[in-house]
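# fold the following, please.
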Amino acid sequence: MAVIGIPHEKWGEAIKAVVTLHQGKTVTEKELIDHCRGKIAGYKIPKSIDFIKDEEMPMTPTGKILHRILREKYGKWSDVK
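Predicted coordinates for the structure are as follows:
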């Protein structure tokens, strides 16, 4: 899972999560957001969540997530509710 800040027309910036699930597991965007509500402050809760396959998560050769690529691919403010 990775979170990115994306431009938002109203708030200036919003949090978007990009999530990979273990094979055979399912969860909805609403379930994840509800889970976050019980764990973290409201301003830290993602406003939008995208689910991708594990192999689609852009990584460096050392295993770090390439947030720049995620922002390029998923960073549209219109995706945020």
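
# middle-most residue in the protein, spatially?
Ala17 (1.0 Å; Cα atoms, centre = their mean).

# wait, that residue touches Asp50, no?
Yes. Look at Ala17 against Asp50 with Cβ atoms under 8 Å: they come within range, at 7.4 Å. C-beta coordinates here come from the backbone N, C-alpha and C atoms, glycine included.

# now for the residue nearest to the centre of the chain: which residues touch it?
1-3, 32, 46, 48-50 (Cβ atoms under 8 Å, 6 or more residues apart in numbering).

# can we see that at 6 Å?
Taking Cβ atoms under 6 Å, 6 or more residues apart in numbering as the contact definition, Ala17 lies against 3, 46, 49.

# give me the element it is part of.
For Ala17, the element it lies in under DSSP states H and E is strand 12-20.

# what about the strands in the chain?
All strands of the chain, identified by DSSP state E, fall at 2-8, 12-20, 48-52.

# partners of the second one in the sheet?
Looking back up the chat, that one is strand 12-20. Neighbouring strands of strand 12-20 in its sheet, by DSSP bridges, are strand 2-8 (antiparallel), strand 48-52 (parallel).
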